[in-house]
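Q: next come a sequence and a model predicted from it.
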Amino acid sequence: MKEIIITSITYLAENLILIYGLILAGFSIFLSVVGLTEIRKYLKNNRLDDSQALLSSPFTPRISLIVPMYNEGQTIIDSVRSLLSLQYNNYEVIVVNDGSTDESLRKLIEYFQLIPTYLESNYELPTKKVRCLYKSRQKVFSKLTVVDKANGGKADALNAGLNHAEGKLVATMDADSIIAPNALLRMVKPFLQNPERVIATGSMVRIANSCTIEDGSLVKIQLPKGWLARFQALEYIRVFLLSRLGWSRLNGLLIISGAFGLFDREIVVKAGGYYTKTVGEDMELTVRMRRYMHEQKLPYKVIYIPDPLCWTEAPNSLSQLSRQRNRWARGTAETLIKHRGLLFNPKYKLMGWLSYPYWLCFEFLAPFVEVIGLAYFTTLAVLGHIDWTNFLFFLVIIYFFSVLLSLVALIAEEYSYHKYQHTSDMAKLILTALMEPIFYHPIILVNALKGNLDLLVGKKSWGDMQRRGFTKHQAESSKKVAG
Amino acid sequence: MSVALVLMLGCLALVLVLYIHRALAMARKKKVDDLQFRYQYLLYDALVESQSENASDNFLETVLQLFQQEKKRSGSLNQQVLTDIILNLKKSLTGAAQDQLLELAYALGLPEYAQKKLRQQSFNIRTQGLHEVTAMQINSTEIRNEIEVLQQVDTSPINQEVILALTKLESAPNLGFLNKLTTPLSEWLQIRLHHHLRSLERHQLPDFSQWLDSTNESVVLFALRMTAEFKQYAASQKVLNQLNGSLVPILIETIKTVTKLKLEEAIPSLTNLIQHENTDVQLASLEAVGELGNSQQLAKLSSLHEHPNYWVRRATATAVTQLESNTPVS
């Protein structure tokens, strides 16, 4: 009897894990194919540079670029200087000081010669108290507005920025990200080209570690030197070039990265702005905006473009990476729980039938399934019920499939943007792809699990991220401010 | 076993593809860079030679001679590289210099090369051909016919390129396609059309008010924008009539147009529109009243100081400041 029960459980578990793995592999292949097709189409349609027409047009929509700032004193001057010289003729930069405790605000006031305005504050989206709005007395910095408010977190700061944004479109970014000079030109195009209303666009985010950055601008691209950052560089290429582009083609994208995104302000505000009680405010907002459009029965699109327009500093140490991934896992779980009504709800069409179930099963549940699988095989091994040959082949298949996906992403990168140009970079990336499933994946797995456990025990904090600050210019600008 | 083997071989194949592609791409890039350098050098050389005392008077002859020698030396000329160089250079030149460059393109047979691209199946190559044909201003009936054939292709991006090409090839732009357009004229196409239209003389432009009665909302918006941009005051009455319309996007664009044209006759209608139910119409009207009005309108704004919408309150404050400064000191 005991044998029968063990055999039955073994059979069921093996098959369930196998079916789960096959569906996940199928989805990955499908998304990769769709992603590759979409890159080809995008590059084809955008091959000829027609930015001049856009750059000089009086009909471009106004964009408000919102930069939440919390203790970014090390890099904020360079970042803002770089943001004030983007290639776009109709935009403003709104820096929201979210109650920084360092000298960020003082540096901004001194460097940009800011003076308080007597404009009343807007609380269309509820936020913590706004203390003051600053504008520069120098005409050259007329695009800049600084909103000084009490600390309320990133989402609250973004909402304060939204409240004071004059643009029809709002771009949000992290203060420590670097965006390409033509980023707004590229990101705005889907809003102008599509017959359907585009409510948000996102672009590819790349890792800036080891790149040379001067005056807040990227001047030389290099593959990260450290292994941890290099793993993340490969991961970002794979996720952004294959998965997100695939979802964008299906109009099923559930997340526009908080590092850099462009949104239709009217829809963001009507959907209720950023949700302040989650650590995954970027995904939560995208999902809520989509829900709003479905509920209003309005046709819409969320578009992702493969141009590498945003560069960000990746965690350099295991502890930083753990905190980041822990937060991402909690953010995903919080969003999925909050919007559980989407699951298989025909009202939300593809989002209810495909996007949400995918995120639930293969993003949220994947670490749990993996751990259950490992526990199951360990138990079988202890009980002596394992067929080692089959087990090893199973592992080999998983390993090579992971490597294959990374290599497909590298092919996509090679055929499209080709950012890492040294021949040795290619070898390093291939080696990274070979090592990633063994060394990097377990770290991600453990932290995803830990994040979900933390959510269960009610952890809400963001966790600190120690920035090295990538600018060489930093010391110089500090001197100028101090002087 | 076999699945693992297939996956492993797949990985190896991809690594090979990566390296082969990288090697080929680098070789291609090097070749193009070398050719670019060589051709640019020849162009520069011809330019210097044509300036010398015993040089032929004709720059074109000089440069053609050099390129013929180059052709003999290397077997053939890379027409794509030449096209790119000449069209890039053309962007930064005007007048006689630009004409000379176009003559050179014709003498080198580049228009035929561009025309061939129109017959290709690939969207990419066709679009590139359209760009080159228009940049080289090849305005023959044959070319026009070939481009019009492409208009039958049922893909929006190529249709947009065709519309632009046909518009650019005419000395007086023919925007007749606006009469037949049933789909929305994208903002993107409007921007690109405007970019071309503003390079023309004012007398070459059509009367945009003819499209103010269009049933296609996007065409009306485009007509309003162009009327304002090119200051077509003759259309003032037609523009003013649009203020009585009910479609919000058209109403907002009309308000912007009357502001740009500084049509003070619109002030009574604008003052009424300040109370419109749509906030965007209110905001546009407040801005227009601030620009065009005077102290007489101040009383009408007083109720809006307490408006629940922040942006309306802010626009009211701005308009009041403007109206106070617009009022002549007695």
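A: Ah, there it is. Numbers count the residues shown, from 1 in each chain, chains lettered A, B, ... in the order given.
Q: verify the stated contact: B:Thr279 with B:His307.
A: No: at 9.2 Å, B:Thr279 and B:His307 do not qualify as touching, with contact defined as CB atoms under 8 Å. C-beta here means a position set from N, CA and C on the backbone, and glycine is covered the same way.
Q: who has more neighbours, the two?
A: Between B:Thr279 and B:His307, counted using other CB atoms under 10 Å in any protein chain shown, the more crowded position is B:His307 (16 against 13).
Q: residues touching the residue lying closest to that one once chain neighbours are set aside, list them.
A: Using CB to CB, 6 or more residues apart in numbering or on different chains and skipping residues adjacent in sequence, the residue nearest B:His307 is B:Arg313, 5.3 Å away. Residues near B:Arg313 by CB atoms under 8 Å, 6 or more residues apart in numbering or on different chains: A:Glu120, B:Leu304, B:His305, B:Glu306, B:His307.
Q: secondary structure element for B:Arg313?
A: Taking DSSP states H and E as the definition, one finds B:Arg313 inside helix B:310-326.
Q: what are the buried residues along that helix?
A: Residues of helix B:310-326 classed as buried: B:310-317, B:319-320, B:322-323, B:326 (neighbour count, 16 or more other CB atoms under 10 Å in any protein chain shown).
Q: over to B:Pro184: give its phi and psi.
A: Backbone torsions for B:Pro184, taken as degrees, to the nearest 10, come to phi -60, psi 140.
Q: could you report the distance from it to A:Leu192?
A: Applying CB to CB, to the nearest Å, the value for B:Pro184 to A:Leu192 is 11 Å.
Q: neighbour count for these two, which is higher?
A: Counting neighbours by other CB under 10 Å for B:Pro184 and for A:Leu192 shows that A:Leu192 has the greater number, 19 against 16.
Q: now do the helices in the stretch 301-450 of chain A.
A: Using DSSP state H, counting those that start in this stretch, the helices of the stretch 301-450 of chain A run over residues A:318-338, A:349-350, A:356-358, A:366-383, A:388-415, A:423-435, A:441-456.
Q: and those helices as a markdown table, adding mean pLDDT?
A: Below are these laid out as a markdown table (pLDDT from 0 to 100):
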| stretch | mean pLDDT |
| --- | --- |
| helix A:318-338 | 95 |
| helix A:349-350 | 94 |
| helix A:356-358 | 97 |
| helix A:366-383 | 89 |
| helix A:388-415 | 93 |
| helix A:423-435 | 94 |
| helix A:441-456 | 94 |
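Q: of all those helices, which lies closest to chain B?
A: helix A:388-415 (3.6 Å; CB to the nearest CB).
Q: got the angle for the closest one vs helix A:441-456?
A: Helix A:388-415 runs at 90 degrees relative to helix A:441-456, counting by axes from the mean of the first three to the mean of the last three CA atoms, to 10 degrees.
Q: mean neighbour count and distance to chain B for the helices of the stretch 301-450 of chain A - can I get that in a markdown table?
A: Below are those laid out as a markdown table (neighbours: other CB atoms under 10 Å in any protein chain shown; distance: least, CB to the nearest CB, whole Å):
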| stretch | mean neighbour count | distance to chain B |
| --- | --- | --- |
| helix A:318-338 | 20 | 26 |
| helix A:349-350 | 14 | 22 |
| helix A:356-358 | 19 | 23 |
| helix A:366-383 | 14 | 17 |
| helix A:388-415 | 19 | 4 |
| helix A:423-435 | 17 | 6 |
| helix A:441-456 | 18 | 16 |
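Q: please see if stretch A:270-278 touches chain B.
A: No: judged by CB under 8 Å from any CB of the partner chain, stretch A:270-278 stays clear of chain B, getting no closer than 12.0 Å.
Q: buried sites along that stretch?
A: With burial defined by 16+ other CB under 10 Å, the residues of stretch A:270-278 counted as buried are A:Ala271, A:Gly273, A:Tyr274, A:Tyr275, A:Thr276, A:Thr278.
Q: so who does the closest residue to A:Ile179 other than its chain neighbours touch?
A: Nearest non-adjacent residue to A:Ile179, counting by CB to CB, 6+ apart: A:Cys310, 5.2 Å away. Applying CB under 8 Å, 6+ apart to A:Cys310 gives the contacts A:173, A:177-180, A:183, A:203-206, A:257, A:259-260.
Q: just want the angle from the longest strand belonging to chain A to helix A:388-415.
A: The strand that spans the most residues within chain A, counting by DSSP state E, is strand A:300-312. Angle of strand A:300-312 versus helix A:388-415, following the same axes, to 10 degrees, is 90 degrees.
Q: would you mind writing the CA trace of strand A:300-312 as CSV?
A: The C-alpha atoms that make up strand A:300-312 are tabulated as CSV, following Å, rounded to 0.1, in the frame of the first residue of the first chain:
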residue,chain,number,x,y,z
TYR,A,300,-5.6,51.6,-25.8
LYS,A,301,-2.1,50.3,-26.1
VAL,A,302,0.9,50.0,-23.7
ILE,A,303,4.0,50.0,-25.9
TYR,A,304,7.5,49.0,-25.2
ILE,A,305,10.4,50.1,-27.5
PRO,A,306,13.7,48.2,-27.6
ASP,A,307,15.9,51.3,-27.8
PRO,A,308,18.4,51.3,-24.9
LEU,A,309,17.4,54.7,-23.6
CYS,A,310,17.9,54.4,-19.9
TRP,A,311,21.1,53.3,-18.0
THR,A,312,21.0,52.4,-14.4
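Q: quick one, strands of the stretch 101-250 of chain B?
A: Under the criterion DSSP state E, counting those that start in this stretch, the stretch 101-250 of chain B carries no strands.
Q: what bits of it have low per-residue confidence?
A: Low-confidence segments of the stretch 101-250 of chain B (pLDDT under 70): B:152-156.
Q: so which residues on it come close to chain A?
A: B:123-124, B:127-128, B:131, B:157, B:183-184, B:186-188, B:190-192, B:194-195, B:225, B:229.
Q: just the buried ones from those residues?
A: Among these, those classed as buried by neighbour count (16+ other CB under 10 Å) are B:123-124, B:127-128, B:131, B:184, B:186-188, B:190-192, B:194-195, B:225, B:229.
Q: where does the stretch 201-330 of chain B get nearest to chain A, residue-wise?
A: Using CB to the nearest CB, the point where the stretch 201-330 of chain B gets nearest to chain A is B:Tyr310, with a distance of 4.0 Å.
Q: residues in contact with the residue lying closest to that residue once chain neighbours are set aside?
A: Closest residue to B:Tyr310 apart from its sequence neighbours, by CB to CB, 6+ apart: A:Asn122 at 4.0 Å. If you count contacts by CB under 8 Å, 6+ apart, A:Asn122 has them with A:Asn163, A:His164, B:Tyr310, B:Trp311.
Q: how would you label A:Asn122: helix, strand or coil?
A: Following DSSP: H, G, I helix; E, B strand; the rest coil, the label given to A:Asn122 is coil.
Q: check what pLDDT it gets.
A: Note on A:Asn122: pLDDT of 92.
Q: got phi/psi on it?
A: phi -100, psi 130.
Q: hang on, isn't A:Val146 packed against A:Arg106?
A: No: with contact defined as CB under 8 Å, A:Val146 and A:Arg106 do not form a contacting pair (11.3 Å).
Q: more crowded one of these two?
A: Counted by other CB under 10 Å, A:Val146 and A:Arg106 do not tie: A:Val146 has more neighbours, with 25 against 12.
Q: and the more buried one, what are its bridge partners?
A: Taking DSSP bridges as the rule, A:Val146 bridges to A:Val95, A:Tyr134.
Q: which parts of stretch B:137-155 are buried?
A: Buried residues in stretch B:137-155, counted by 16+ other CB under 10 Å: B:Ile138, B:Ile143, B:Arg144, B:Glu146, B:Ile147, B:Leu150.
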